[in-house]
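[1] Make a model of this:
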Amino acid sequence: MEVEKIQRVPSYKMLAEALVQNILDGRLKVGDALPTEAVLCDSFGVNRSTVREGVRLLEEAGMLLRNGKKLLITHPSREQLGAQVQRAMVLKEVRIEELWEGLFILDPALAELAALRRTEAAVEALAANVKATEEALDRGDPVVQLDIEFHSLVAEAADNHALLVAREPLGRLLFPAFDVVMTKVGSAGDRLLTAHTAIFEAIRKKDAAGARKWMEKHIQDFKRGYEVAGVDMRTPVVQVQKTSAAR
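    Model (predicted):
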C-alpha cells in the first residue's frame with residue numbers, strides 16, 4: 001500500500017504559527033512587547049534556539065519590529081505583503097497577460113473610488129507627479145518610476161486597504177516590465193502623459209465615471225504597447241524584467 005509520508009514540522013515553525021495565532025486572536029496586540037525569550041521558552045516548552053528561529057520568521061514576515069532591546073508586535077506593511085506575493089508569482093512564472101488582466105480589473109475601480117474619496121493632499125501629490133512626468137519626457141528621461149508612483153497614488157487615494165493589498169504585487173511586477181515598451185514604442189511616453197493627465201483631472205473634479213473610463217483606456221493601452229513592442233503577452237513577466245535590466 002502506498003501512503004504519503006507524514007511531514008514533520010520544525011518546532012520553530014510551530015512556535016511561529018502559535019504566535020501568529022495569538023496575534024490574530026488578539027491575545028497579543030499591535031504595539032505590545034513580545035514576551036521575553038525566557039517566558040516564551042517556559043510557555044511553549046521549547047529551548048532558546050527554537051524561540052530565536054521562530055521570532056526570526058515573524059520578523060522577516062513583518063509582524064515584529066525591533067525597538068531597542070524590545071520586539072514589538074506590528075502588522076506587515078503593504079509593501080512587505082506585496083513583496084511576499086510577488087516572490088510567489090515569480091516562482092509560479094506568472095505571465096504578463098495574467099498581471100494585465102488583474103490590473104484591468106483593479107485599477108479602473110481604484111480610479112473611480114479615488115475620484116469619490118480623494119483628499120486635497122492626494123490631488124496635490126497627483127498634480128506634482130503629472131508635472132514631473134511632463135518635465136521628464138521633455139528632457140528625454142525615463143518615466144517608468146513616475147508611472148509606478150502615479151498608479152500607486154491613485155490606489156492610495158481610493159482608500160480601500162483590501163484593494164491596495166491585492167494590487168501591490170501586480171504593480172510591482174508589471175510596471176517595471178513596461179520599460180521595454182517605453183524604449184521600443186516612440187509614442188508611449190506621450191500617450192502615457194495624456195492618459196495620466198485625463199485621469200488626474202477626472203479625480204480632481206470628482207468625476208468617478210471619467211476616471212474609470214480613462215483608466216480603462218490607459219490599461220488597454222498597456223496591452224497594445226506590449227503588442228507593438230513585439231512582446232508576447234504569454235511570456236513570464238520575470239523574463240521581460242531580465243531583458244529590461246540587461247539593457
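[2] Next, count neighbours for Ser49.
    11 (other Cβ atoms under 10 Å). Backbone N, C-alpha and C define where each C-beta goes, glycine included.
[3] what's the answer for Val144, then?
    Count around Val144 with other Cβ under 10 Å applied: 19.
[4] Over to the one 10 residues further on?
    Each residue near Val154 was counted by other Cβ under 10 Å, and the total is 27.
[5] separation between Glu59 and Ala111?
    36 Å (Cβ to Cβ, to the nearest Å).
[6] When those two are compared, which one has more neighbours?
    Ala111 (28 against 14).
[7] is it true that that one touches Ala211?
    Yes: judged on Cβ atoms under 8 Å, Ala111 makes contact with Ala211 at a distance of 4.1 Å.
[8] Give the intersection of the neighbour lists for those two.
    Ile199, Ala202, Ile203 (Cβ atoms under 8 Å, 6 or more residues apart in numbering).
[9] Could you report the distance from Leu57 to Ala16?
    On the measure of Cβ to Cβ, Leu57 and Ala16 end up 4 Å apart.
[10] neighbour count winner among those two?
    Ala16 (22 against 17).
[11] tell me the contacts of that one?
    Going by Cβ under 8 Å, 6+ apart, the list of residues near Ala16 reads Gly54, Val55, Leu57, Leu58.
[12] Nearest residue to the first one in space, ignoring adjacent ones along the chain?
    By that I understand Gly54. In space, Gly54 comes closest to Leu15 once its chain neighbours are excluded; the distance is 3.6 Å by Cβ to Cβ, 6 or more residues apart in numbering.
[13] I'd guessed the one you found sits against Arg48; true?
    No: look at Leu15 against Arg48 with Cβ under 8 Å: they stay out of range, at 11.4 Å.
[14] Those two: which has the busier surroundings?
    Leu15 (24 against 11).
[15] So which of the shared contacts of Ala111 and Ala211 belong to helices?
    Ile199, Ala202, Ile203 (DSSP state H).
[16] what's the closest of those to Gly68?
    Ile203 (42.1 Å; Cβ to Cβ).
[17] What pLDDT is listed against the closest one?
    Looking at Ile203, its pLDDT reads 99.
[18] Verify the stated contact: it with Arg117.
    No: here Ile203 does not reach Arg117: they are 9.6 Å apart, not a contact under Cβ under 8 Å.
[19] Mind listing the shared neighbours of these two?
    Counting by Cβ under 8 Å, 6+ apart, the residues touching both Ile203 and Arg117 are Ala157.
[20] Which residue of those two possesses the greater neighbour count?
    Between Ile203 and Arg117, counted using other Cβ under 10 Å, Ile203 has the larger neighbour count: 29 against 15.
[21] which ones are touching the more buried one?
    By Cβ under 8 Å, 6+ apart, the neighbours of Ile203 are Ala111, Ala114, Ala115, Arg118, Ala122, Val123, Leu126, Val154, Ala157, Ala211.
[22] then the helix or strand in which the last one is found to CSV, C-alphas only?
    Of the helices and strands defined by DSSP states H and E, Ala211 is found in helix 208-228. What follows is helix 208-228 as a C-alpha-only set of coordinates in CSV (Å, rounded to 0.1, in the frame of the first residue of the first chain):
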residue,chain,number,x,y,z
ALA,A,208,-15.8,59.0,-11.0
ALA,A,209,-17.1,57.8,-14.4
GLY,A,210,-14.5,59.7,-16.2
ALA,A,211,-11.7,58.5,-14.0
ARG,A,212,-12.8,54.8,-14.6
LYS,A,213,-13.2,55.4,-18.3
TRP,A,214,-9.7,56.9,-18.8
MET,A,215,-8.0,54.3,-16.6
GLU,A,216,-9.6,51.5,-18.6
LYS,A,217,-8.3,53.2,-21.8
HIS,A,218,-4.9,53.6,-20.2
ILE,A,219,-4.6,49.9,-19.1
GLN,A,220,-5.9,48.8,-22.5
ASP,A,221,-3.1,50.9,-24.0
PHE,A,222,-0.6,49.0,-21.9
LYS,A,223,-1.6,45.8,-23.7
ARG,A,224,-1.4,47.5,-27.1
GLY,A,225,2.1,48.8,-26.2
TYR,A,226,3.4,45.3,-25.4
GLU,A,227,2.0,44.1,-28.7
VAL,A,228,3.5,46.9,-30.7
